[in-house]
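> what's the 3D shape of this:
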Amino acid sequence: MARANIVTLLTDFGTEGPFAAAMKGVILQVCPRAQIIDISHDIPPHDLLAGALVLARSIPHFPPGTVHVAVVDPGVGTNRAILAGRYGQQTVIFPDNGIISLVERVLPLQDIRLCRNLPHHPRFISSTFHGRDIMAPLAGHILNGLNISALGPRPATYKLFELPNPSVEGACITGQVMYIDRFGNLITNISGELARQVGGNLRTVTTTCNAQDAGPLVHTYGLVELDKPLVVFNSTDMIEIAVNQGRADKLFEAEVGTPVIMVMG
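Model (predicted):
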């Protein structure tokens, strides 16, 4: 696998406390040349699905050899495992809680290992901060050339979410909101590919969210009036419901799981 200097962090720690900084310090102690990039520390607390979505939308854009550390870990200190997986020539270190589920849809799995044979021997491992005491130093060692095959055996099984798929009946697609971003945009589980398969040229499309009209299907946000709703194919080719310079989550009183229906004319 190609060598890189990059390690990324994705957590639900926020930026006000010492937690993300502590992880960065540990990584740099092990690998001083590391270039540390924050994917996000603003994942809602304990929200594994949000973490999975942000991780999967981010890591395909990094170069081979990048190491990613995902610490959304409500089971920290329990008997849940820590895993290291190689996906598309990148490495992800993560708790076995399903946060890897969507990465497996966008990058090929090449190897996955239980993190048992740790290359470092910390004097103290906190039962509440495995990100600092296990995952961060492990990221540094992998940047230094450690092959994940040395960490332990392949797991017999590991947790993946059973994510809801949209249903199709005739010219109607029924899906749901999967993620709400910081702008209040509603990202659904309906792909652009599926919409085009069902709707052809998509000249006539009616979309509802929470049984309310979600507005026209347009190319980008500024093609409707301010504070008006719209439907777009977002940057990952998923159907997204937005409000031009407003918040769709508020307008539609939407949350994760809110139904979204597209009917093709």
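
> domains of this protein?
6-150, 167-264 (automatic domain parsing).

> next, format the ones you listed as TSV and append distance to residue 161.
Yep, even glycine has a C-beta here, placed from its N, CA and C like the rest. TSV is the format used below for the domains of the chain (distance: least, C-beta to C-beta, whole Å):
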stretch	distance to residue 161
domain 6-150	4
domain 167-264	11
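
> which one of these lies closest to residue 160?
domain 6-150 (4.6 Å; C-beta to C-beta).

> quick one: the strands in this protein?
Ranges of strands within the chain are 6-11, 35-40, 67-71, 82-87, 90-95, 109-114, 167-169, 172-180, 186-191, 205-209, 212-213, 229-233, 238-243, 259-264, based on DSSP state E.

> would you mark the buried spots in the second one?
Meaning strand 35-40. Under the neighbour-count criterion of 16 or more other C-beta atoms under 10 Å, strand 35-40 has 36, 39-40 buried.

> listing partners with orientation, what would you give for it?
Sheet pairing of strand 35-40 (DSSP bridges) gives strand 6-11 (parallel).

> equivalent analysis for the fifth one, please.
In the sheet containing strand 90-95, its partner strands are strand 67-71 (parallel), strand 82-87 (antiparallel), by DSSP bridges.

> okay, stretch 196-210 in CSV with CA atoms only?
Written as CSV, here are the backbone C-alpha positions of stretch 196-210 (Å, rounded to 0.1, in the frame of the first residue of the first chain):
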residue,chain,number,x,y,z
ARG,A,196,-33.3,8.2,-13.3
GLN,A,197,-34.1,4.5,-13.7
VAL,A,198,-37.7,5.1,-12.6
GLY,A,199,-38.2,8.5,-14.1
GLY,A,200,-36.3,8.5,-17.3
ASN,A,201,-35.7,12.1,-18.3
LEU,A,202,-37.3,13.4,-15.1
ARG,A,203,-39.3,16.1,-16.8
THR,A,204,-42.2,15.7,-14.5
VAL,A,205,-41.5,14.8,-10.8
THR,A,206,-43.6,15.4,-7.7
THR,A,207,-41.7,15.1,-4.4
THR,A,208,-43.3,15.2,-1.0
CYS,A,209,-41.6,15.2,2.4
ASN,A,210,-43.7,14.5,5.5
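
> so where's this protein shaky on pLDDT?
Filtered on pLDDT under 70, the chain yields the residue ranges 1-3.

> show me where it has its helices.
19-30, 48-58, 103-106, 130, 136-143, 192-199, 248-251 (DSSP state H).

> looks like residue 252 contacts residue 214 (just checking).
Yes: counting by C-beta atoms under 8 Å, residue 252 does reach residue 214; the two are 7.3 Å apart.

> those two: which is more packed in?
residue 214 (27 against 23; other C-beta atoms under 10 Å).

> JSON lines for the strands of the chain, including distance to residue 61?
Output for the strands of the chain, formatted as JSON lines (distance: least, C-beta to C-beta, whole Å):
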{"stretch": "strand 6-11", "distance to residue 61": "10"}
{"stretch": "strand 35-40", "distance to residue 61": "10"}
{"stretch": "strand 67-71", "distance to residue 61": "12"}
{"stretch": "strand 82-87", "distance to residue 61": "13"}
{"stretch": "strand 90-95", "distance to residue 61": "10"}
{"stretch": "strand 109-114", "distance to residue 61": "18"}
{"stretch": "strand 167-169", "distance to residue 61": "30"}
{"stretch": "strand 172-180", "distance to residue 61": "18"}
{"stretch": "strand 186-191", "distance to residue 61": "17"}
{"stretch": "strand 205-209", "distance to residue 61": "28"}
{"stretch": "strand 212-213", "distance to residue 61": "34"}
{"stretch": "strand 229-233", "distance to residue 61": "18"}
{"stretch": "strand 238-243", "distance to residue 61": "16"}
{"stretch": "strand 259-264", "distance to residue 61": "26"}
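
> tell me which of those sits nearest to residue 25.
Nearest to residue 25, of all these, is strand 35-40, at 9.9 Å by C-beta to C-beta.

> can I get the CA coordinates of that closest one in PDB?
Output of strand 35-40 as PDB, limited to C-alpha atoms (Å, rounded to 0.1, in the frame of the first residue of the first chain):
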ATOM      1  CA  GLN A  35      -0.500  15.500   8.800                       C
ATOM      2  CA  ILE A  36      -3.700  15.500  10.800                       C
ATOM      3  CA  ILE A  37      -6.900  16.500   9.100                       C
ATOM      4  CA  ASP A  38     -10.200  16.900  10.900                       C
ATOM      5  CA  ILE A  39     -13.100  15.400   9.000                       C
ATOM      6  CA  SER A  40     -15.500  16.500  11.700                       C
END
